[in-house]
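Engineer: how would this look folded up:
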Amino acid sequence: MALTTKDLDRFEASRPRLEAIAYRLLGSASEAEDAVQEAFLRWQAADVDRVEVPEAWLTKVLTNLCLNQLTSARARRETYVGQWLPEPLLAGDPMLGPADTAEQRESVSYAVLALLERLSPNERAVYVLREAFAYPHREIAAILDITEAAGQQIFHRARKHIADGRARTEVDEAAARRIVEEFLAAATSGRTEPLVRLLTQDALAIGDGGGKVPARAKAFEGALAVAKFMRGLFKPGEAKRALVGGSPGVYVTTANGAPAVVAVLDGRVIGVMCLEVTAEGIAAFRNQVNPDKLERATRRWAAADHGEPLLHAF
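Structural biologist: I've put the predicted structure just below:
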């Protein structure tokens, strides 16, 4: 069925919100775009004149598409090479969605996206719709075809899982840059002690190379182990330069609202290191180096001038 200009405009007005929902549900920008496109095809095929509330209809269709995708994604991730981590979004990416409240900002943080992988698809959907987009429990129940009471129970259970997994800490942009600069100075000093002082005792470091780029699947755990790994990671070496094809520029920015280190080589983002910062120090490093998950970051990076790198790695 052909859409009128008005019907098309109604969908396009909803697209940013739908993409932001899908990204939080799937942890992948490319899969989020695919899910929203499929929702558009459903909208195109529907008798839209009979749809009373387009926003609610589209959210329900999209959420159920994502729930189906999550079920199949779990099976695929069982055979994924190494550790699976979400696709990072750099500062200013519209897919990050609303960021007016602490809850909204936290819901798209890299740390929380990683924790969302532990939830069931229904728990993830309820948490995202309620925490990030402030949907009433009544509407969430209608979207997921559950009772309102069940939705509230699922939300409280999901929220507890997330709260148990991390300590919330808001870090402004200036503080984020300072934290990352201190880390980089320590990591390139060639000494372990300065790094240990910046980390929490139970710090961890993990990476996702997707089997295409070397990345340790099993996390380094504990301040000393993480510090030694970071010292080695930033130690110059001909083999490292040969592996990546040169000496990448290292920039300080934010990804998913948190401090991040971005490595760029010939205009291409080859790595995003997301830092989880708490009042006690840096609690985690999650390194995304899978090139398939950095294509959007490269496009976003190319769209703005970032000046000179803080340093060159390797």
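Engineer: low-confidence ranges, the stretch 51-200 of the chain, go.
Structural biologist: 166-173 (pLDDT under 70).
Engineer: all strands of it, in order?
Structural biologist: In the stretch 51-200 of the chain, the segments counted as strands under DSSP state E, counting those that start in this stretch are 199-208.
Engineer: where along it do the helices fall?
Structural biologist: Per DSSP state H, counting those that start in this stretch, the stretch 51-200 of the chain has helices spanning 54-77, 102-107, 110-116, 121-127, 137-144, 148-165, 173-187, 193-198. These are given in chain order.
Engineer: JSON lines for those helices, including mean neighbour count and distance to Leu204?
Structural biologist: (Each C-beta comes from the backbone N, C-alpha and C, glycine too.) Formatted as JSON lines, the helices of the stretch 51-200 of the chain follow (neighbours: other C-beta atoms under 10 Å; distance: least, C-beta to C-beta, whole Å):
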{"stretch": "helix 54-77", "mean neighbour count": "17", "distance to Leu204": "19"}
{"stretch": "helix 102-107", "mean neighbour count": "18", "distance to Leu204": "19"}
{"stretch": "helix 110-116", "mean neighbour count": "23", "distance to Leu204": "11"}
{"stretch": "helix 121-127", "mean neighbour count": "22", "distance to Leu204": "22"}
{"stretch": "helix 137-144", "mean neighbour count": "19", "distance to Leu204": "33"}
{"stretch": "helix 148-165", "mean neighbour count": "16", "distance to Leu204": "12"}
{"stretch": "helix 173-187", "mean neighbour count": "17", "distance to Leu204": "15"}
{"stretch": "helix 193-198", "mean neighbour count": "18", "distance to Leu204": "14"}
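Engineer: for Arg286, which of these is the nearest?
Structural biologist: Each of those was scored for nearness to Arg286 using C-beta to C-beta, and the closest is helix 110-116 (5.7 Å).
Engineer: run a quick neighbour tally on Ala203.
Structural biologist: By other C-beta atoms under 10 Å, 27 other residues sit near Ala203.
Engineer: ok, it touching Gly281?
Structural biologist: Yes: contact criterion C-beta atoms under 8 Å: Ala203 and Gly281 qualify, at 7.3 Å.
Engineer: which of the helices of the stretch 51-200 of the chain sits closest to Arg241?
Structural biologist: helix 173-187 (17.1 Å).
Engineer: now that closest one - C-alpha only, PDB.
Structural biologist: In PDB, the C-alpha atoms belonging to helix 173-187 read as follows (Å, rounded to 0.1, in the frame of the first residue of the first chain):
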ATOM      1  CA  GLU A 173      33.100  16.200  29.900                       C
ATOM      2  CA  ALA A 174      36.000  18.100  31.500                       C
ATOM      3  CA  ALA A 175      36.400  15.500  34.200                       C
ATOM      4  CA  ALA A 176      36.200  12.700  31.600                       C
ATOM      5  CA  ARG A 177      39.000  14.200  29.600                       C
ATOM      6  CA  ARG A 178      41.200  14.700  32.700                       C
ATOM      7  CA  ILE A 179      40.600  11.100  33.800                       C
ATOM      8  CA  VAL A 180      41.500   9.700  30.300                       C
ATOM      9  CA  GLU A 181      44.600  12.000  30.100                       C
ATOM     10  CA  GLU A 182      45.800  10.800  33.500                       C
ATOM     11  CA  PHE A 183      45.300   7.200  32.300                       C
ATOM     12  CA  LEU A 184      47.200   7.700  29.100                       C
ATOM     13  CA  ALA A 185      50.100   9.400  30.800                       C
ATOM     14  CA  ALA A 186      50.300   6.500  33.200                       C
ATOM     15  CA  ALA A 187      49.900   3.800  30.500                       C
END
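Engineer: dump the helices of the stretch 51-200 of the chain to JSON lines, plus distance to Ala255.
Structural biologist: Formatted as JSON lines, these follow (distance: least, C-beta to C-beta, whole Å):
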{"stretch": "helix 54-77", "distance to Ala255": "21"}
{"stretch": "helix 102-107", "distance to Ala255": "13"}
{"stretch": "helix 110-116", "distance to Ala255": "6"}
{"stretch": "helix 121-127", "distance to Ala255": "20"}
{"stretch": "helix 137-144", "distance to Ala255": "28"}
{"stretch": "helix 148-165", "distance to Ala255": "19"}
{"stretch": "helix 173-187", "distance to Ala255": "10"}
{"stretch": "helix 193-198", "distance to Ala255": "19"}
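Engineer: which one of the ones you listed lies nearest to Phe234?
Structural biologist: Nearest to Phe234, of those and by C-beta to C-beta, is helix 173-187 at 4.3 Å.
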